[in-house]
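Visitor: what follows is a predicted protein model with its sequence.
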Number of protein chains: 2
Amino acid sequence: MSTTPAPGSGSAAAPPAASQREAQKARTRRALLDAALDLLEHQSLSSLGLREITRAVGVSPAAFYRHFRDVADLGVALVDEALDGLRIVIRAGLAERSTDEERIDHAVEAIADHVRAHPGHVRFLVRERHGGVAPVRRAIGAQLDRFAEEVAHVLAQDAESEGWSPEDLRMLAEIYVDHMVMTASSFLQAAQGEGPEEAAVARTARRQLRLVSLGRRHWTTAGERDG
Amino acid sequence: MSTTPAPGSGSAAAPPAASQREAQKARTRRALLDAALDLLEHQSLSSLGLREITRAVGVSPAAFYRHFRDVADLGVALVDEALDGLRIVIRAGLAERSTDEERIDHAVEAIADHVRAHPGHVRFLVRERHGGVAPVRRAIGAQLDRFAEEVAHVLAQDAESEGWSPEDLRMLAEIYVDHMVMTASSFLQAAQGEGPEEAAVARTARRQLRLVSLGRRHWTTAGERDG
DNA sequence: GGACTCAGTTAACAGTTGTGTGCTCAGCCG
DNA sequence: CGGCTGAGCACACAACTGTTAACTGAGTCC
């Protein structure tokens, strides 16, 4: 049972005048979200039943409707939660470090930490990114899109990015974001004994990022054909 | 309703002495697989019901057991089908073309064609790669693993790969395989009006491959730190 | 302290699900 | 031809699903 707090709740999110009443409401809401996350370890959202969730929490099925319209609605709530955490971690890291080498090491380590701290949220994200529930899939897509835009913006401020078109920066950012998701997924598998161990995953991820970073350095001197 | 043949059935797969009896059996088996694929357009495997499939085909629920033990079992059958097709297409293309530019253009076009020809299979693959049904997830993982190994083997025969360790070749191959899956997924979204159009997806994919290819060319002259 | 709000309850609704048993009858084989 | 095999059928089973309705009672507000 995951009793870890929601990823976003680390720094911001002040308790909004909790009048014992809405405090209790918030607690069961959290319980529903957490129970859903636990159940989603072994299935995907489109097969997760409303009753299944309420049973795990210990409330009646009807109580669910006081918090969410749908299971899909709950899913969308989970998306926001899951990606807010990741964005904060990575963006802060990227902006500060100087050399490529440092940035790569830090980013990979940050991903590993995040996966260790919030495995449920990460699994949910990776699984439902292409999953069967349209609203959730769209929500994840939109969030990752926004994320890529931010990364592109950070990259634009590097000295190396001189002469890069916005389109190419965006393309590069998408490589990074996709790679991040894949790496997170690999860490997750490592954590539960499937596939290579965590150290090997980190090593491969670093090398891949280094190769991309190498391609980036030689891009403008070579590229610019193709329409 | 997809009435397209299975991806693998293009070149090999001779009809194994179809005695009208097992021919009919094979036909309903196909019907079950196709119906499942259609239904999976709007949901994921872990929520796909056995009765749902048989109802779509027009046979009784009990008939299902003559062909598959489980819905998960049917899923594994779909995995083999879906990846056999892709592997043949890509591997053939990669081995023949000479310059990077040609290979990239050809690979992206081959992916686009394959997605157009077998959207259901591709969607299934992308969706269930991280999906909630363990046997299917493992089957896809194993197949993609084998795929990456083959790509690494092809890459090893390039002149550019001199001095590359098997581990680094494998790392590079994984970039390519993951990128291929992501590209296929983007084409799929494009085909149904979500996200950028097909031409834009192809353009971005080509640029990304070009950047990776650039990193590859400068790898050995720069790399080889990190343990 | 009395009216009110509203998170959570109980009970019932009509469908649905996976699985088992025994049957039928077209196709195969000697 | 006659016997056998086995794909598909009809039917029944208990268990489960999402959703609605009316109700309860603790917390809030004036």
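Guide: Ah, there it is. The model shown is predicted, which means the values in this text are computed figures rather than measured ones. Numbers count the residues shown, from 1 in each chain, chains lettered A, B, ... in the order given.

Visitor: okay, CA-based contacts and neighbour counts for the rest of this
Guide: Noted.

Visitor: where does pLDDT dip in chain A?
Guide: A:1-17, A:221-227 (pLDDT under 70).

Visitor: show me what from it comes close to chain B.
Guide: By C-alpha under 8 Å from any C-alpha of the partner chain, the residues of chain A that approach chain B are A:40-44, A:46-48, A:126-128, A:130-134, A:171-172, A:175, A:203-204, A:207-208, A:211-216, A:218-219, A:227.

Visitor: can you narrow those residues down to the ones near DNA strand D?
Guide: For DNA strand D, the contacts drawn from the residues of chain A next to chain B by C-alpha under 7 Å from any atom of the strand are residue A:48.

Visitor: inside helices: which ones of the residues of chain A next to chain B?
Guide: Judged by DSSP state H, the residues of chain A next to chain B include A:126-128, A:134, A:171-172, A:175, A:203-204, A:207-208, A:211-216, A:219 as members of helices.

Visitor: just the buried members of those residues?
Guide: Among these, those scoring as buried are A:126-128, A:134, A:171-172, A:175, A:204, A:207-208, A:211-216, A:219 (criterion: 16 or more other C-alpha atoms under 10 Å in any protein chain shown).

Visitor: relative to chain B, how far out is the spatially most central residue of chain A?
Guide: For chain A, the residue nearest the mean C-alpha position is residue A:83 (4.2 Å; C-alpha atoms, centre = their mean). Going from residue A:83 to chain B by C-alpha to the nearest C-alpha, to the nearest Å gives 18 Å.

Visitor: you'd agree that residue is up against residue A:141?
Guide: No - judged on C-alpha atoms under 8 Å, residue A:83 makes no contact with residue A:141 at a distance of 10.9 Å.

Visitor: tell me where chain A has helices.
Guide: Taking DSSP H as the criterion, chain A carries its helices at A:21-39, A:50-57, A:71-96, A:100-117, A:119-128, A:134-156, A:166-191, A:198-217, A:219-222.

Visitor: can you pull the contacts of the closest residue to DNA strand D within chain A?
Guide: Nearest to DNA strand D, among the residues of chain A, is residue A:49, at 3.0 Å (C-alpha to the nearest atom of the strand). Taking C-alpha atoms under 8 Å, 6 or more residues apart in numbering or on different chains as the contact definition, residue A:49 lies against residue A:71.

Visitor: do that again at 10 Å, thanks
Guide: A:36, A:39, A:55, A:70, A:71, B:47 (C-alpha atoms under 10 Å, 6 or more residues apart in numbering or on different chains).

Visitor: of those residues, buried ones?
Guide: A:36, A:39, A:71, B:47.

Visitor: so residue A:124 touches residue A:46, yeah?
Guide: No - if you go by C-alpha atoms under 10 Å, residue A:124 and residue A:46 don't touch, sitting 11.8 Å apart.

Visitor: give me the common contacts of those two.
Guide: A:40, A:75, A:131, B:132.

Visitor: gap between the first one and residue A:34?
Guide: Meaning residue A:40. Distance, residue A:40 to residue A:34, by C-alpha to C-alpha, to the nearest Å: 10 Å.

Visitor: out of these two, which sits in the more crowded spot?
Guide: Using other C-alpha atoms under 10 Å in any protein chain shown, the more surrounded residue of residue A:40 and residue A:34 is residue A:34, with 24 against 20.

Visitor: pretty sure that one sits against residue A:41.
Guide: No - using C-alpha under 10 Å, residue A:34 makes no contact with residue A:41, being 11.2 Å away.

Visitor: now do the shared contacts for the two.
Guide: Common contacts of residue A:34 and residue A:41 (C-alpha under 10 Å, 6+ apart): A:120, A:121.

Visitor: alright, that wraps it up for me.
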